[in-house]
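*Asks:* Sharing a model that was predicted from the sequence below.
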Amino acid sequence: MGGATLKKENPHKTFLNFRNNLVMLYKNLPEEELGYVMRVRAVLDCVAALSFLLKGQFVNMWAVLRARRAFHSLRPLFAADREENLKKTSLPVIPERTKSSILVQFYLHGKKFFSRL
């Protein structure tokens, strides 16, 4: 099932987006960045869940929390993928990668276009 198959409001889409993004981060981030990024991500996921709660979107709030639980239970299944991906890494620093949070740039600094980061 592709992401375009589910409507934006669908809580299953919310669940898949949050869970799959956590898996992607786990599989690809270097060891020295993983802990920090995952802690920041946990805070941002809580902010997202709170935002859904305040908007009365309870099913989406629960989808975010379920996605975090699902990721933690699936994480051991991706350990081999992570190890293989890290071995294949050829660029220690990716020049196009931004050091700052895109969310901070968007919401706090009003930068609406990636080219302005």
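*Replies:* Received it, and whenever you're ready, just let me know what you need. Numbering: from 1, shown residues only.
*Asks:* Looking at the protein, which residue reaches furthest from the middle?
*Replies:* When distances are taken from the C-alpha mean of the chain, S90 lies farthest, 23.1 Å away, according to Cα atoms, centre = their mean.
*Asks:* Sticking with the nearest residue to K111 once chain neighbours are set aside, tell me its helix or strand.
*Replies:* In this structure, K111 finds its nearest non-sequential neighbour in Q105, 4.5 Å apart by Cβ to Cβ, 6 or more residues apart in numbering. C-betas here are computed from N, CA, C, even on glycine. Using DSSP states H and E, Q105 falls within helix 102-107.
*Asks:* buried stuff in that helix?
*Replies:* Buried positions in helix 102-107, judged by neighbour count with 16 or more other Cβ atoms under 10 Å: Q105.
*Asks:* now do stretch 22-32
*Replies:* 22-23, 26-27, 29.
*Asks:* For those, could you give me CSV that also reports distance to W62 and secondary structure?
*Replies:* Output for those, formatted as CSV (distance: Cβ to Cβ, whole Å; DSSP: H, G, I helix; E, B strand; the rest coil):
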residue, distance to W62, secondary structure
L22, 16, helix
V23, 19, helix
Y26, 22, helix
K27, 25, helix
L29, 27, coil
